[in-house]
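**Student:** Have a look; sequence and predicted model below, questions after that.
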Amino acid sequence: MLVKRLLKRGVAHLDPPLAGLLGLLLLLSLATVYSASGGDPDKVLAHLTNMGVALTALFLASHIPPQRLMQFALPAYAVGLLLLVAVELVGDVVNGAQRWLNLGVTRIQPSELMRLAVPLMIAWYLHHKQEILRPLDHAVAIGLLLVPVALIIHQPDLGTALLIATSGFFVIYLGGLSWRVLAGAAALLVLAAPFAWHLLHGYQRQRILTMLDPSSDPLGAGYHIIQSTIAVGSGGVAGKGWMNGTQTHLDFLPERTTDFIFAVYSEEFGLIGNFLLLLLYGAIIFRGLVLAAGAPTLFGRLMSASLVLTFFIYAFVNMGMVSGILPVVGVPLPLVSYGGTSMVTVLFGFGIVMSVATHKKLVKT
């Protein structure tokens, strides 16, 4: 009885439909990584370990009361900013980018922390201003977003910066940002586009040009896109079958366990498999938004909806990148690609969504 009671309390803050859908996606991920790695036992074991850590993060996050999350907002944001500044000053340079901070025993990438800290901070700020929300408050929220985004762009890491900017934008938009402001901002972005092109690094401009015409450098910059689109197209309607992808197993497809794992999946499971994967992603996003809509506070709604919509953006950007309709920006397919940091971040975020949905009382702090 005691064990049963403890188990019941342990899963009380998990949402069964969402947890089940996430579990299905992780099983699919395990099968795809196994195939993409050629059954490499070390990589498969590491992937299983990452899953265990990420599921633990989800479980722990689901038990953190929303009022505790609110208390973490400002410290997490402040620590994240300090770490980004530290990266600017003493960060390790890898492949021409200064994104990592060496702590002696390990290296960390502070921009990963900001994926959660930025929407958490903005949601906290707007929650406290909801009774007298003014245009100035939205301006402050935009400032809270732009500071870390600017630091991350300078590293340079445009892909992560754009994704963090998107997550913060979702919070601000859902917090009641006027359509007039949005229209004005969109107009400014269009006008600034020609100037922004000259501010991009050379390799960033090359990625955009390669997306438009990958055949211009088929053995260099265009190689990734060409091979991934061949893999996606060669899957046909029903796919070649699990472990039977020729682009994958003949080593034509680069980064096949990480950024381009969607190409592996498409080649082996085809159009039907892609439809089922999109259906699974859609079900996760729909359930997450249902939980967000039912949150009892503005903080809960903003935070939960932002995390779910950001999950959608990650999936859309990766699939678009692999299919050749978006530039290659190094974004993994969420909860499918091999890699621990992204998986832990995503599942911790879904743990927050479950926490907000299951903890019905929130004391304003």
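**Tutor:** Thanks, I have the structure now.

**Student:** Please point out which parts of stretch 128-138 sit buried.
**Tutor:** Neighbour counts using 16 or more other C-beta atoms under 10 Å place 128-130, 133, 137-138 of stretch 128-138 among the buried residues. Where C-beta positions appear, they are placed from N, C-alpha and C, glycine not excepted.

**Student:** which element is the closest residue to residue 232 other than its chain neighbours on?
**Tutor:** Of all residues not flanking residue 232 in the chain, residue 266 sits nearest, at 4.2 Å (C-beta to C-beta, 6 or more residues apart in numbering). If you go by DSSP states H and E, residue 266 is part of helix 261-293.

**Student:** Taking their axis directions, the following helix or strand past that helix and helix 261-293 sit at what angle?
**Tutor:** Sequence-wise, the next helix or strand downstream of helix 261-293 (DSSP H and E) is helix 298-323. Using axes from the mean of the first three to the mean of the last three C-alpha atoms, to 10 degrees, the inter-axis angle of helix 298-323 relative to helix 261-293 is 160 degrees.

**Student:** who does helix 298-323 touch, helix- and strand-wise?
**Tutor:** helix 66-90, helix 110-128, helix 158-174, helix 223-234, helix 261-293, helix 340-358 (3 or more C-beta pairs under 8 Å, 6 or more residues apart in numbering; DSSP states H and E).

**Student:** per-residue pLDDT, the spatially most central residue of the chain?
**Tutor:** Among the residues of the chain, the one closest to the centroid is residue 314, at 4.6 Å (C-alpha atoms, centre = their mean). In this prediction, residue 314 carries a pLDDT score of 89.

**Student:** quick one: contacts for it?
**Tutor:** By C-beta atoms under 8 Å, 6 or more residues apart in numbering, the residues touching residue 314 are 163, 331-334, 346.

**Student:** The helix holding residue 266 packs against which elements?
**Tutor:** The helices and strands touching helix 261-293, judged by 3+ C-beta pairs under 8 Å, 6+ apart, are helix 16-36, helix 223-234, helix 246-249, helix 298-323, helix 340-358.

**Student:** circling back: out of the helices and strands packed on helix 298-323, which one sits most buried?
**Tutor:** helix 110-128 (a mean of 24; mean count of other C-beta atoms under 10 Å).

**Student:** Report the buried residues of the helix or strand following that helix.
**Tutor:** The helix or strand immediately downstream of helix 110-128 is helix 135-153, counting by DSSP H and E. Using 16+ other C-beta under 10 Å as the test for burial, helix 135-153 gives 137-138, 141-142, 144-145, 148-149, 151-153.

**Student:** for stretch 323-338, same thing?
**Tutor:** 323-324, 326-329, 331-338.

**Student:** Kindly indicate which of the residues you listed lies nearest residue 300.
**Tutor:** residue 334 (21.8 Å; C-beta to C-beta).

**Student:** per-residue confidence for residue 161?
**Tutor:** 85.
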